[in-house]
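A.B. asks: kindly return the folded structure for what I paste below:
(one chain, ligands or ions: 1)
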Amino acid sequence: MAMGEEEPVNLNEYQQLARQALPKMYYDYFTGGSEDQHTLRENTAAFKRITFRPRILVDVSKIDMSTTILGYKTSAPIMIAPTAMHKLAHPQGEVLTAKAAGACNVIMGLSFMSTCTIEEVASSCNAIRFFQLYVYKRREISALMVKRAEANGFKAILLTADTPKLGRREADIKNK
Ligand SMILES: Cc1cc2nc3c(=O)[nH]c(=O)nc-3n(C[C@H](O)[C@H](O)[C@H](O)COP(=O)(O)O)c2cc1C
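C.D. replies: Coordinates of the predicted model:
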């Protein structure tokens, strides 16, 4: 961020900064969905339909949002979803994402399509780490990756089951 610019205060403003900072091709990859992007819009709409009911006149001097996911402690019921190619956004890639997860005490989901290795991420952060895996026709590839993740202290496998075919991402097609 350039000197004199204001700190972003919400996700929309971070997205604006990303649009300014990234080459169009990478920005489109991170923000775009497939086909008519119906599901992408519905994801945002789904969050808008959730309304929090405020509890008033209760003791809020200590607020604890921590919980566990698969038995592992997290400071909030939020985790880093596995997403590919972080080095397109920052030279340190997933290593930096994992450090941020560690700093916030939330769980880091590492994509199979990571631009950092399992070993690099493991050796640079103390976040609880889960590893994302696709279903491979060659099961020995899956077995190898699971063993590698386990040997590097990853605690669970996030199995992605919805990718027998990749989405038709029209922005990526246009950007070649
Ligand atoms: C840019 C981008 C890259 C992604 N890469 C992966 C991936 O490599 N592996 C995977 O299993 N899911 C991947 N996903 C899917 C996310 O993990 C997640 O399931 C999806 O964003 C829906 O969750 P949300 O509604 O919380 O965003 C990716 C999503 C985005 C937006």
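A.B. asks: quick check: buried residues in stretch 133-147?
C.D. replies: Buried residues in stretch 133-147, counting neighbours by 16 or more other C-beta atoms under 10 Å, are found at 133, 134, 142, 145. Quick note: C-beta positions are derived from backbone N, CA and C, even for glycine.
A.B. asks: let me fix that: stretch 104-119
C.D. replies: Those would be 106, 107, 108, 109, 110, 111, 112, 114, 115, 116, 118, for stretch 104-119 by 16+ other C-beta under 10 Å.
A.B. asks: which parts of this structure are helices?
C.D. replies: With DSSP state H, the ranges of helices along the chain come out as 11-21, 24-31, 38-48, 93-104, 118-124, 139-151, 170-175.
A.B. asks: ok, and which of the ones you listed has the densest surroundings?
C.D. replies: helix 93-104 (a mean of 20; mean count of other C-beta atoms under 10 Å).
A.B. asks: I'd like the average pLDDT over that one.
C.D. replies: The average pLDDT for helix 93-104 rounds to 98.
A.B. asks: coming back round to it: could the buried residues of stretch 104-119 be laid out in JSON lines, adding distance to residue 55?
C.D. replies: Converted to JSON lines, the buried residues of stretch 104-119 look like this (distance: C-beta to C-beta, whole Å):
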{"residue": "106", "distance to residue 55": "24"}
{"residue": "107", "distance to residue 55": "27"}
{"residue": "108", "distance to residue 55": "31"}
{"residue": "109", "distance to residue 55": "31"}
{"residue": "110", "distance to residue 55": "36"}
{"residue": "111", "distance to residue 55": "37"}
{"residue": "112", "distance to residue 55": "41"}
{"residue": "114", "distance to residue 55": "40"}
{"residue": "115", "distance to residue 55": "43"}
{"residue": "116", "distance to residue 55": "42"}
{"residue": "118", "distance to residue 55": "43"}
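A.B. asks: so which bits of this protein are right by the ligand?
C.D. replies: For the chain, the residues in contact with the ligand (C-beta under 6 Å from any ligand atom) are 30, 43, 81, 82, 83, 84, 111, 113, 132, 160.
A.B. asks: give me the beta-bridge partners of the last one?
C.D. replies: On the basis of DSSP bridges, residue 160 is bridged to residue 134.
A.B. asks: what residue ranges in this protein score low on pLDDT?
C.D. replies: Scanning the chain for pLDDT under 70 picks out 1-5.
A.B. asks: repeat the analysis, applying 90 as the threshold.
C.D. replies: 1-6, 55, 125, 135-136, 163-166 (pLDDT under 90).
A.B. asks: list the contacts for residue 142?
C.D. replies: The neighbours of residue 142, taking C-beta atoms under 8 Å, 6 or more residues apart in numbering as the test, are 133, 135, 136.
A.B. asks: right, I'll call it a day here.
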